[in-house]
Structure formats: structure tokens, C-alpha cells
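Enquirer: this is the structure alone, sequence omitted:
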């Protein structure tokens, strides 16, 4: 084999090996993780009870102990102007941020979350959850 042919052969072989490695790396690379926002709205059984509201707020704040909860915001109804698009029938809200779907799934079965539901579930009449993935 001449030197010129040997160089062409080695160049072609190297390109094939590099291309195969790149294709394999691309095929096995994990999908990018997308943050998940979990928003829960609570309606108290006794919406006039500030004590029940404060107790529920206390309970919701314990959920920040769950390792997959990256951030937690707990709120109560704001005294904003009344408009047709504003729902002011609820009492307490929570907004949690998770790194990904797996983090939110871990939260659902975590002992701290299960203890929260058991200890504070008697306070609410209804809960509505909105889960959103970042786009």
C-alpha cells in the first residue's frame, strides 16, 4: 500500500470510528430535563377561620423539607380588585418548583408529603392542582 493510500485509508477509518461514536453518544444521551411548576389551591372547610388558614399555611411550609422541592411559595388570598377573571373563592395556595418530572413524582410519595396530607387534610374541602412543564 502506498503512503498516499495508507493516509486515505486511515483518514476514512478514523472518520468512520468518530462518526459511529458520535451517533452512539447521541442515541444514548438523556433527554434534557425541564423544570416543573406545581401549583395547588386549597379551599378550607371553614373559609372564615383564620386559625384553620394559618394552620394549613404552617403545614404547607413543612413540604419545603422534601429534597426535590427546589423552591416553595405559600400564599393566601390577596385583596385585589374584583374582576370576572379573578377567582377569590380559595384560601391558601402553594407554588413549588421541581427540577424535573421525577422530582415531582418523588414529592408525591415522600413521607413528609404523606404526613402533611394526613395531619392537615381535615382542614380543606377541595384542592385543585395545576402542574406545568417549562417550555
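Expert: Here it is on my side, so go on. This is a predicted model, so every value here is computed, not measured.

Enquirer: domain map for this protein?
Expert: Here the domain parsing of the chain from automatic domain parsing is 1-30, 36-133.

Enquirer: now these as JSON lines including mean neighbour count?
Expert: (C-beta placed from N, C-alpha, C; glycine too.) What follows is the domains of the chain, written out as JSON lines (neighbours: other C-beta atoms under 10 Å):
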{"stretch": "domain 1-30", "mean neighbour count": "9"}
{"stretch": "domain 36-133", "mean neighbour count": "14"}
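
Enquirer: need these in CSV with mean pLDDT, can you?
Expert: Formatted as CSV, the domains of the chain follow (pLDDT from 0 to 100):
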stretch, mean pLDDT
domain 1-30, 56
domain 36-133, 96
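
Enquirer: from the chain's centroid, how far away is stretch 62-70?
Expert: Its chain's average C-alpha position is 11 Å from that of stretch 62-70, according to C-alpha atoms, centre = their mean, to the nearest Å.

Enquirer: need the distance between the two termini of it.
Expert: The first and final residues of stretch 62-70 sit 13 Å from each other (C-alpha to C-alpha, to the nearest Å).

Enquirer: then stretch 107-126?
Expert: 20 Å.

Enquirer: stretch 92-112 now?
Expert: 19 Å.
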